[in-house]
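A.B. asks: from the sequence below, what's the structure:
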Amino acid sequence: MRSSSPEDGELGVWQPMASEVFQSCLSQCKILELSKDTRALKEAFEAGDLPAVAAKLQSTLHSLENVQLDIGVTGGMGSGKSTFVNAIRGLGDEDTNSACTGVVEMTVDPTPYPHPKYPSVVFWDLPGVGTPAFRADKYFRRVQLFRYDFFLIITSESFTADLAELALEILRQGKHFYCIRSKVDVDIAASRSRRPSSFSEERVLNQIRDDCVQRLEARGLRDPKVFLLSMFELGKYDFHLLEESMVRDLESHKRHAFLVALPNVSKPTLERKAASLRQHTWLVATVACGANPRPVPGLPEVACDLHMLTRALEGYRHSFGLDGGSLVRLAEQTGQPLHKILQVLQGPKTKVTETLVAELLGQASGDASAFSQKLLNVPVLGSLASCGLSFATVYRMLRTSLDVAVSDAQSVLVQASLNSPDRKLPDGQWSQPGA
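C.D. replies: As a prediction, this is how the structure comes out:
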């Protein structure tokens, strides 16, 4: 992994970040917003009591990384909801711990499927709606709607009266739901085959969406939003709009957990994930410097928790799908040779070690002193300035490593799309990491 210099601006933001971005973000107490006890935390900051700050933020960090998120996935018979449960967790239908899929309804009881990397994020495959014996009241009792944070209602055809009734009951319980029309790739292929000369993908998608909305409105739902998806190419069509809506509606303490667990299927997904992890970086740097710090071998002026930083960098690799298991699975799914995917990586290609972290800290320490002086200009952050170069070095290393991981994830996404002319990156502007 290369080290960026002050001249290249930590991928464009190192110099202005120290004054403008740092002032605007932390003077608005972005760190403080993550803690329940903001008054006590603010007092500890202002008193320069870094151990007290770190202790409180350590608890906040633990809660943020282990918050429970339960997502109910329901819908019509054979709608592809089990396949969606697998795809949203980055798994194929034949992978270990995947949900059972088939042409008939496979789910009998609510079945939890924890995310393979983030087990506190659980997708529940719920029984299908629409059997001849379906009774709404019994279904509601059976699946216990209250236990889920939000719902995804999936159908591969029109939204039925039973699905609309389910949506209305979810609303009555004060929960969010998102209506998904699946298998639109199948509809598009069929329309192209039937009308090759007059085919318009946009027209087909609009017709499907309008039909779904009209049927839901006719059954009592006001201004329903319907998202069109392909279960086998999740990043296409409306997935980025669905993701945006889910993230916006989640409580702040659960938003981060959801974002880092999302599969890296589009540029907008990577951007949102990166933005959340950048805020997370302040927490990690503060706790690493204030709780159980030890001098870094070969860098005695910097004291921090190397084990914690190693876990953080490994976390970036896992969240952006850059760990070995994720890359092997991607190569199998796309037909790309693994060595070609590895060639585009600038960051670590193997598991992060404390030795590597110490080396990266050494690279980051060279121009961290100016940034540490900037801390003195933010009154509430005096305690961070009091730890000398340690915080500035650790933060710089984390931020650079995160930016490299974001860049690598984008490169992998591009590389994975090269194997087939039908695979292309979903639309969406890509802003430079740190912009």
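
A.B. asks: what residues of whichever strand or helix holds residue 329 count as buried?
C.D. replies: Element membership of residue 329 [criterion: DSSP states H and E] is helix 324-334. Within helix 324-334, the residues that count as buried by 16 or more other CB atoms under 10 Å are 326-327, 329-331, 334. Bear in mind the C-beta positions are built from the backbone N, C-alpha and C, glycine included.

A.B. asks: what's the helix or strand for the residue of the chain positioned farthest from its centre?
C.D. replies: If you look at how far each residue of the chain sits from its centre, by CA atoms, centre = their mean, the farthest one is residue 197, at 40.3 Å. Residue 197 is located outside every helix and strand, with elements delineated by DSSP H and E.

A.B. asks: that one and residue 364: what is the separation?
C.D. replies: Using CB to CB, to the nearest Å, residue 197 is found at 60 Å from residue 364.

A.B. asks: save the buried residues of helix 324-334 as CSV, and put in distance to residue 148 and pLDDT too.
C.D. replies: Below are these laid out as CSV (distance: CB to CB, whole Å; pLDDT from 0 to 100):
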residue, distance to residue 148, pLDDT
326, 27, 90
327, 32, 91
329, 28, 87
330, 30, 87
331, 34, 88
334, 33, 82
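
A.B. asks: and which of these is nearest residue 126?
C.D. replies: Among those, residue 329 lies closest to residue 126 (CB to CB), at 26.1 Å.

A.B. asks: and that closest one, how far from residue 82?
C.D. replies: With the distance defined as CB to CB, residue 329 ends up 19 Å from residue 82.

A.B. asks: how about low-confidence regions in the chain?
C.D. replies: Applying pLDDT under 70 to the chain flags residues 1-50, 102-107, 131-134, 368-388, 419-435.

A.B. asks: thinking again about what came up before, what's the helix or strand just after the helix holding residue 329 in contact with?
C.D. replies: Going down the chain from helix 324-334, the next helix or strand is helix 338-343, by DSSP H and E. Helix 338-343 is contacted from outside by 327-328, 330-331, 349, 412, 415-416, using CB atoms under 8 Å, 6 or more residues apart in numbering.

A.B. asks: immediately after helix 338-343, which helix or strand?
C.D. replies: Going down the chain from helix 338-343, the next helix or strand is helix 354-365, by DSSP H and E.

A.B. asks: next, count neighbours for residue 96.
C.D. replies: For residue 96, the count of nearby residues is 6 (other CB atoms under 10 Å).

A.B. asks: specify the local secondary structure of it.
C.D. replies: Judged by DSSP: H, G, I helix; E, B strand; the rest coil, the three-state class of residue 96 is coil.

A.B. asks: do you know how far it is from residue 108?
C.D. replies: Distance from residue 96 to residue 108, by CB to CB: 21 Å.
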